[in-house]
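Chemist: Just the structure for this:
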Amino acid sequence: MASSGLNKKKLIYLILALILVSGGVLDYIFDVPAAPEVVLLKRSSEIGEQPDMMISRSCSQLTDGSSPVDEQGNLNVLVWNIYKENRSDWSQALSHFSQDKQLVLLQESSLSPGFQSWLKDNPRWQAVQAHAFSLFDKGMGVMTLSGYLPLSSCAYLEMEPWIRLPKSALLSYYPLSDQQTLAVVNIHSVNFTLGIKSYQEQLEQLAGKVKSHIGPVIFAGDFNSWSEDRIISLQRVMSGLSMSEVTYPSPDSRKQFDGYPLDHLFYRGLTLNQAGVPETSASDHNPIQVSFSLEASQ
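Modeler: The predicted structure is shown next:
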């Protein structure tokens, strides 16, 4: 209980501080794009070189054909708010958690020199980021990593009503070995609001994009679901998409606020095999690890 009270006090102080600096100082420190941008980090053709970076507006058709994202019908997924790589052991932890994964969904990723060096040292990954804003020339936003380029990716931004910095989401499509296409939504939800209007609008915009998708769907990330109203809104939107939520062994080690978990993974059209939440000091969130198999491969 004392920890919960301390967290609430920290949140209040943070909100007050952000409001105080929002009038002009944020414009000086942060660079917000006029429209959503997709940043592609493609492995270099030269071994040991930094990944090639390409930036395009809103949506990008990345490839006309790609290898399946799954491995023989198996799909292992990591979902993790990486806390802008602020902790000293983030790179070792990311290497460890991602070693047996085919998809990695990161929130609060930063295109820092350190992260680009990590990609150089881990050349099996290619990455797509939704550029939300830049802080001292480092691009911030959700990022999805995979061994092969997605067929396409679209970035979406939703402005935080109080601090006037956007939260981001990324919708990417990947081919599967059973000839289906997997839709993957990687989201960092709006946080600082009094009501849930902006929160709900962000969820419904993305839900509308995948509602008619024929094929499996993963909808995951840091949903900032820190209240009963937010949880109810989230569950209503996911129910409208016929999504199931992954549950975790007790004790559930996902980051919580006031008893509500913030990180979630919803899915449909896949078979859930195993899920876990290992504890780590490398971020202020613990990662979600989930193993799926394709329903057609049963």
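Chemist: Would you map the strands across the stretch 51-200 of the chain?
Modeler: 52-57, 59-61, 74-81, 103-110, 126-131, 133-135, 138-146, 152-159, 166-175, 181-188 (DSSP state E, counting those that start in this stretch).
Chemist: so which of the ones you listed gets nearest His213?
Modeler: strand 181-188 (4.7 Å; C-beta to C-beta). From N, CA and C alone the C-beta is placed, and that goes for glycine too.
Chemist: which neighbours does the closest one have in its sheet, and in what orientation?
Modeler: strand 166-175 (antiparallel), strand 217-222 (parallel) (DSSP bridges).
Chemist: now that strand: mean pLDDT?
Modeler: The average pLDDT within strand 181-188 is 98.
Chemist: same deal with stretch 74-90?
Modeler: On average, stretch 74-90 scores 97.
Chemist: mind checking how far that stretch is from the chain centre?
Modeler: Taking C-alpha atoms, centre = their mean, to the nearest Å, one finds stretch 74-90 lying 9 Å from the centre of the chain it belongs to.
Chemist: so where's the stretch 151-298 of the chain uncertain?
Modeler: Low-confidence segments of the stretch 151-298 of the chain (pLDDT under 70): 296-298.
Chemist: need the helices for it, in chain order.
Modeler: Remark: helices assigned in the stretch 151-298 of the chain by DSSP state H, counting those that start in this stretch are 197-210, 228-240.
Chemist: out of these, deepest packed?
Modeler: When these are scored by mean count of other C-beta atoms under 10 Å, the highest mean neighbour count falls to helix 197-210 (a mean of 18).
Chemist: State whether Asn76 and Ser293 are indeed in contact, as I suppose.
Modeler: No: look at Asn76 against Ser293 with C-beta atoms under 8 Å: they stay out of range, at 10.0 Å.
Chemist: okay, those two: which has more neighbours?
Modeler: Taking other C-beta atoms under 10 Å, Asn76 and Ser293 do not tie; Asn76 has more neighbours (20 against 17).
Chemist: any idea how far the closest residue in space to that one that isn't next to it in sequence is from Val77?
Modeler: Among residues not flanking Asn76 along the chain, Lys101 sits closest, at 4.7 Å (C-beta to C-beta, 6 or more residues apart in numbering). Going from Lys101 to Val77 by C-beta to C-beta, to the nearest Å gives 6 Å.
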